[in-house]
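coords below, sequence missing:
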């Protein structure tokens, strides 16, 4: 015989659904009402439950649960909350009737609509008389005898859907019971942890750290990793970044299977502008499978982690690599407008275009970089520095050259006109990058200028607006004027071209490149 045991208070509107989910499993459903003043009892009776009234201390969940379990007539006790449903009652019954173990763990799955958000293993079934709850809050089943009975973990699901607004009053109610627990069990470490965690939930950071610190100083081990994690949350609330990172590292070291913790650590580094570290942590986290023996946070096993990597890749200007992660994120949530927009940005990124079309440019070597404005560091320059190139700047405007001489962003700086590069007696380079420069010379000068560049390198890469994009001389520099408006057809036939965005618009971008053998040394 199988008994489903429940405790209830003011659960009208949901208790009937919970009881209905036991059809095919329960020989009886026993409900202990702890003081409802709504239609809970009537709905439970209508659903076929046996009601126990007039007993049960609302400040002691263990006492209430133990009482209803003792009143059950079944050989098996199955625990069910009023905001839960058992997904496969018939399958669970067959399992309980055939298993030889004494206790059974199920999967408690928190749901938002029909979407799983969080799940964990919980002991929810046992042979009557083998287990008894302890603690007023966060009741924990403990063996009645001196030894733990045999147990097994299963994938039977208890779908958990807390009613809206419940956490508002439950936070304080749970705190009050936890304060009683630490009084009644002064030498027990678990109430210390739960109290510290509750203070973290309530954003009482100092008190949270106090009790979590007491737990970590004790001989408690079951919740040790979680204690480090919630310590990190408290330090985060106190804006103590150093300790937040340290304690989160400790949590990850104690339980390295938690993808969500590694992801949280990566997000902190991302916020601090340390995107290389963030990407490394997130890529490592991607290798972790869904955990079977701890909390499974679905948020980190869908679009979010791929989106986080894509965002960090964007910051690092690793656009071509980030494009894959942006596409992967959207594959999980194809209707997500923000992810659609992110992917569009990646596909229209100049640097994703550059990396896609000229991967040869992303091998370290000697690079001649033609032209650079002083107002902001060119994004393409940042990208090339990360590759590891030894970079020489060729700049026609002396003031710009002087500016970059002071900043030390280039290995070498040469003042000269790209149209007369042959007069400079330069050596060969592994690549020459003329990024947003061809539009600054007359179209008639382009073929000869390209010929001169080709004599110094095996890779020539040019970037410019696609079509009409007017600009007058700026920053007092006459060379900043746009003197021509380039289209793919304006480049020699042996040049490859690629365009993104729209022609004659700011989004439009044209690159042209040629890879050949260097003819001079």
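Looks like it came in fine. Remember, it's a predicted structure, so these values are computed and weren't measured experimentally.

hey, which strand is longest across this structure?
strand 115-127 (DSSP state E).

counting contacts, what elements does that one pack onto?
Strand 115-127 is packed against strand 76-79, strand 103-112, strand 151-160, strand 296-297, with contacts defined by 3 or more C-beta pairs under 8 Å, 6 or more residues apart in numbering; DSSP states H and E. In this view, the C-beta of every residue, glycine as well, is placed from N, C-alpha and C.

all helices for the stretch 301-450 of the chain, in order.
The residue ranges that make up the helices of the stretch 301-450 of the chain, judged by DSSP state H, counting those that start in this stretch, are 303-315, 319-332, 337-347, 350-357, 379-387, 398-407, 446-454.

Let me fix that, I meant to ask about the stretch 151-300 of the chain.
Using DSSP H, counting those that start in this stretch, the helices of the stretch 151-300 of the chain run over 166-184, 189-201, 205-217, 224-237, 241-254, 259-271, 275-286.

Touching the third one from outside, list them.
Applying C-beta atoms under 8 Å, 6 or more residues apart in numbering, the set of residues contacting helix 205-217 from outside is 182, 189, 192-193, 195-200, 223-224, 227-228, 230-231, 233-235, 237-238.

Then the longest one?
Defining contact as C-beta under 8 Å, 6+ apart, one finds that helix 166-184 is touched by 59-61, 83, 135-138, 191-192, 194-195, 198-199, 201-202, 211.

cool, the fourth one as well?
The contact list for helix 224-237 (C-beta under 8 Å, 6+ apart) reads 193, 196-197, 199-200, 203, 205-206, 208-209, 212-213, 215-216, 220, 241, 243-245, 247-248, 250-251, 254-255, 258, 261, 264, 268.

Buried among the residues you listed? Make that a PyMOL selection.
The following PyMOL command selects only the buried members of those, with burial defined by 16 or more other C-beta atoms under 10 Å:
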select buried, resi 193+196+197+199+200+205+208+209+212+215+216+220+244+245+247+248+250+251+254+255+258+261+264+268
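
looking at the protein, which residue ends up farthest from its center?
The outermost residue of the chain, judged against the average C-alpha position, is residue 423 (54.3 Å), by C-alpha atoms, centre = their mean.

Quick check: pLDDT value at the residue nearest the centre of the chain.
The C-alpha lying nearest the average C-alpha coordinate of the chain belongs to residue 305 (C-alpha atoms, centre = their mean; 3.9 Å). At residue 305, the pLDDT value in this model is 98.

The helices of the stretch 301-450 of the chain: which one's closest to residue 511?
helix 350-357 (6.1 Å; C-beta to C-beta).

And for the closest one, what's in contact with it?
Helix 350-357 is touched from outside by 317-323, 346, 361-362, 379-380, 383, 461, 463, 496, 498, 500, 509, 511, 513, with contacts defined as C-beta under 8 Å, 6+ apart.

at 6 Å instead, please
Among residues not part of helix 350-357, those counted as contacts by C-beta atoms under 6 Å, 6 or more residues apart in numbering are 317, 319-320, 323, 346, 383, 498, 500, 509.

Top of those residues by number of neighbours, please.
residue 319 (24 neighbours; other C-beta atoms under 10 Å).

Test my guess that it contacts residue 349.
Yes - checked against C-beta atoms under 6 Å, the pair residue 319 and residue 349 is within contact range at 4.2 Å.

so what pLDDT did residue 341 get?
Residue 341 is assigned 89 on the pLDDT scale.
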